[in-house]
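Novice: Have a look; sequence and predicted model below, questions after that.
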Amino acid sequence: MAGKRDYYEVLEVTREADDDTIKKSYRRLALQHHPDRNHGNKEVEVQFRECAEAFEVLRDPEKRARYDRYGHAGLEGMNMPNFGDADSVMDVFGDLLGGLFGAGGGRRGGRAAGGRDLQVAVELDLIEAAKGVTKTIHLRREEGCGDCAGSGAKPGTKPSPCRRCGGRGAVLMGQGFFRIQQTCPGCGGRGAVITDPCPKCHGAGRIEVTQDVPVNIPAGIDNGMTIRHDGYGDLGSRGGPPGDLYVVVKVRKHPLFGRDGLDLHCDVPITFSQAALGGPIEAPTLDGTFVTHTLKRGVQTASEVRIHALGMPNVGRDGRNDGRKGDLVLHLNVVTPRKLTKRQEELLRELGEIDGVHVSAEHKSFLDKVKAFFVPAEESSGERRGSSPPSGPPG
Ligand SMILES: [Zn+2]
Ligand SMILES: [Zn+2]
């Protein structure tokens, strides 16, 4: 009994935890450490066994009371199922789990369990995401062994009846009044054991294969979305259904277009004269063509233009496009020229002179606001101080 972990610690509950809390915690841990989800991982198998043992004690009021008073030593000599047999314990507790989960314990043939789900990531560029694409995924998954048809027995041989249960698949455990029927630990409930294992799968009945799986990715898919491929996970055990394949989509950033929901966003630089006079501009679209948009006169920098239905298509709940499309949003930036030709400079200087005489309406109202802000209210409401600068010290 040396080196045994505290049962409460194993089940991650406090010493005061009630039955329901213990049961819930066990259920969570058992699912997490369940051997069907952790193929051949010995460490997890040990944790699973530890959990099962801890639960067996803490759910029984008498055993729990003795454990609380005397620790592990208090349980010596009590009726405990055989936890030492590493191969059989899975099936014993598999049944215990079956009972917990309402699947019915002690039935003949062992529990059927669904195969493990698999997850892979696939990377697309934005154009692929917009148009939809088929990607081939190289997948390693478990399948039934073809040589033995999944039985695990060498072709031409048959599993022999289990001696421990006489082929019944179940045994009686316990003593006194409490005798419960458990799945046979010798054969895992199958009633038979493999004496001559299949050379290809070494008796497992399953082999790992590498497979190319085409995955259809619908147009409009967004970064982080997941596509489920039913039945492409690992093989189930004992007739259980196979797991599913989850394909997580990662969309690479595009140098020109950003995505927000269904809308695409694009920065478009325009010149001051375009902004002032309006007129046609060419804007890029995701498929590489250009769309012409006619600017109104007097466009301000950082303003937006929305072009209908040139964004991303929408993926509906059923994974298909429902016809909805986002917009293309152009972010207009008025760019001030850094280098001027002689002629440009002449024209701008001329423009500057005219600007000085004809102050635009906006600029005038701005100057008025500035004055109102710096000049105290009573003064500004009475007599305006003409054009004196706002920065002058009082007096
Ligand atoms: Zn085989
Ligand atoms: Zn048996």
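Specialist: Thanks, I have it. Ligands and ions are numbered 1, 2, ... in the order given.

Novice: can we go C-alpha only for contacts and neighbour counts from here?
Specialist: Noted.

Novice: What is the subsequent helix or strand relative to whatever helix or strand Val171 lives in?
Specialist: Per DSSP states H and E, Val171 falls inside strand 170-175. Reading on from strand 170-175 to the C-terminus, the next helix or strand found by DSSP H and E is strand 178-183.

Novice: angle of that next one against strand 170-175?
Specialist: 150 degrees (axes from the mean of the first three to the mean of the last three Cα atoms, to 10 degrees).

Novice: tell me the mean pLDDT for the helix or strand encompassing Gly352?
Specialist: Assigned by DSSP H and E, Gly352 falls within helix 342-357. Helix 342-357 shows an average pLDDT of 91 in the prediction.

Novice: Tell me which helix or strand comes right after it.
Specialist: Assignment by DSSP H and E places the next element after helix 342-357 at helix 361-374.

Novice: what about Gly326, how many neighbours?
Specialist: 21 (other Cα atoms under 10 Å).

Novice: Quickly note the distance from it to Val247.
Specialist: Separation of Gly326 from Val247 (Cα to Cα, to the nearest Å): 24 Å.

Novice: And Arg317, by the same measure?
Specialist: For Arg317, the distance to Val247 (Cα to Cα) stands at 16 Å.

Novice: okay, now Glu353: neighbour count?
Specialist: Neighbours of Glu353 (other Cα under 10 Å): 11.

Novice: my bad, Gly288
Specialist: 8.

Novice: pLDDT value on it, please?
Specialist: On the pLDDT scale, Gly288 is placed at 89.

Novice: And what about it, helix, strand or coil?
Specialist: coil (DSSP: H, G, I helix; E, B strand; the rest coil).

Novice: Ile221 touches Val315, doesn't it?
Specialist: Yes: using Cα atoms under 8 Å, Ile221 makes contact with Val315 at a distance of 6.6 Å.

Novice: Looking at the two now, which is surrounded by more residues?
Specialist: Ile221 (29 against 19).

Novice: I would like the residues contacting the host helix or strand of Ala65, please.
Specialist: Per DSSP H and E: Ala65 is located in helix 61-70. Residues outside helix 61-70 that contact it (Cα atoms under 8 Å, 6 or more residues apart in numbering) are 57-58, 73-75.

Novice: One more pass at 10 Å, please.
Specialist: Contact partners of helix 61-70, identified using Cα atoms under 10 Å, 6 or more residues apart in numbering, comprise 6-8, 15, 19, 54-58, 71-76, 78-80.

Novice: For the nearest residue to Gly319 once chain neighbours are set aside, grab the count of nearby residues.
Specialist: What sits nearest to Gly319 in space, not counting adjacent residues and going by Cα to Cα, 6 or more residues apart in numbering, is Pro218, at 6.9 Å. Per other Cα under 10 Å, the neighbour tally for Pro218 reads 22.

Novice: Please say which of Arg317 and Val247 ends up with more neighbours.
Specialist: Val247 (20 against 8).

Novice: beta partners of the more buried one?
Specialist: Val120, Ile227 (DSSP bridges).

Novice: Do I have it right that it meets Ile221?
Specialist: No: contact between Val247 and Ile221 fails when scored by Cα atoms under 10 Å: they sit 11.8 Å apart.

Novice: can you confirm Ala54 is in a strand?
Specialist: No: Ala54: not assigned to a strand; according to three-state DSSP it is helix.
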